[in-house]
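Engineer: Have a look; sequence and predicted model below, questions after that.
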Amino acid sequence: MAQNASGEPQATGPTAGGSTATGPTTGGASWRPNWRDIVQRLLGVVAVIVAVWLVYLFLTAFLPRWWAQVIGNAVDGSFTAGAWWGLVVGALFTMVPVFFVAQAVLTRRSWGVRGGYLALAVLFAVPNLLTLGIVLGTSAAAHAGERILDVDGPAFRGGSAWGAALGGVVALVIVVMGVLYRRRGARLKELRAQQG
């Protein structure tokens, strides 16, 4: 806000042509909404919601069967292999997302970097989310995935649950130990600075 020689405030800002205009401000000017812009934004939001919903419907009809077939091919009907693969997948794809979430929450980084860590956490949690979708899902594809795992992937779901629990506990212990170690290091640094 600039002032002229008489001390009256002047508005400065871009005009329709892009140049900067100066002049006395009027207290009675009211803001008028740009309805075309508002309608375009609303239509864009609706289009995104519809697209996400259609992708969700496609994925819920396709992914449970596909994931069950991938596990069934790896396990090949073996109870021992099903339990082993379940433990590995459950533990690994729980530990890694917990580490990424800890990096996003506990470190001082920009919001973009934190968002990247959270996106990686979701990405690495997908295998466990797919298994959970088969177990808790009510769609025809989820039931088909259950039947495939019953025959070709026995013990995978149980092993995956135990692996997820074990991986979560181990990851949390590591994160807590790392936080305590960093705090101890910062405290020692402060004490040395005070003594010096």
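Structural biologist: Happy to help now that I have it. Numbering: from 1, shown residues only.

Engineer: right, and residue 77 touches residue 154 too?
Structural biologist: Yes - if you go by C-beta atoms under 8 Å, residue 77 and residue 154 touch, sitting 6.9 Å apart. C-beta here means a position set from N, CA and C on the backbone, and glycine is covered the same way.

Engineer: Among the two, which residue is more densely surrounded?
Structural biologist: Set residue 77 next to residue 154 and count neighbours by other C-beta atoms under 10 Å: residue 154 wins out with 20 against 11.

Engineer: ok, now how distant is the more buried one from residue 105?
Structural biologist: 37 Å (C-beta to C-beta, to the nearest Å).

Engineer: Please apply the same query to residue 52.
Structural biologist: 26 Å.

Engineer: any weak-confidence spans in this structure?
Structural biologist: Applying pLDDT under 70 to the chain picks out residues 1-29.

Engineer: need the helices for it, in chain order.
Structural biologist: 35-75, 79-106, 111-124, 126-136, 140-152, 156-195 (DSSP state H).

Engineer: quick one, the shortest one and helix 79-106 angle?
Structural biologist: Using axes from the mean of the first three to the mean of the last three C-alpha atoms, to 10 degrees, the direction of helix 126-136 lies 120 degrees away from that of helix 79-106.

Engineer: One more: the fifth one?
Structural biologist: Helix 140-152 and helix 79-106 are oriented at 130 degrees to each other (the same axes, to 10 degrees).

Engineer: Now do helix 140-152: everything it contacts.
Structural biologist: Helix 140-152 has contacts (C-beta atoms under 8 Å, 6 or more residues apart in numbering) with 60-65, 67-69, 71-73, 75-77, 133-137, 156-157.

Engineer: can you do 7 Å?
Structural biologist: Helix 140-152 has contacts (C-beta atoms under 7 Å, 6 or more residues apart in numbering) with 60-62, 64-65, 67-69, 71-72, 75-77, 133-134, 156-157.

Engineer: again with the fourth one
Structural biologist: The set of residues that contact helix 126-136 without belonging to it, under C-beta under 7 Å, 6+ apart, is 63-64, 67-68, 89-90, 93-94, 142, 145-146, 149, 157, 160, 164.

Engineer: If you rank the residues you listed by neighbours, which is first?
Structural biologist: Highest neighbour count within the contacts of helix 126-136: residue 160, with 30 neighbours (other C-beta under 10 Å).
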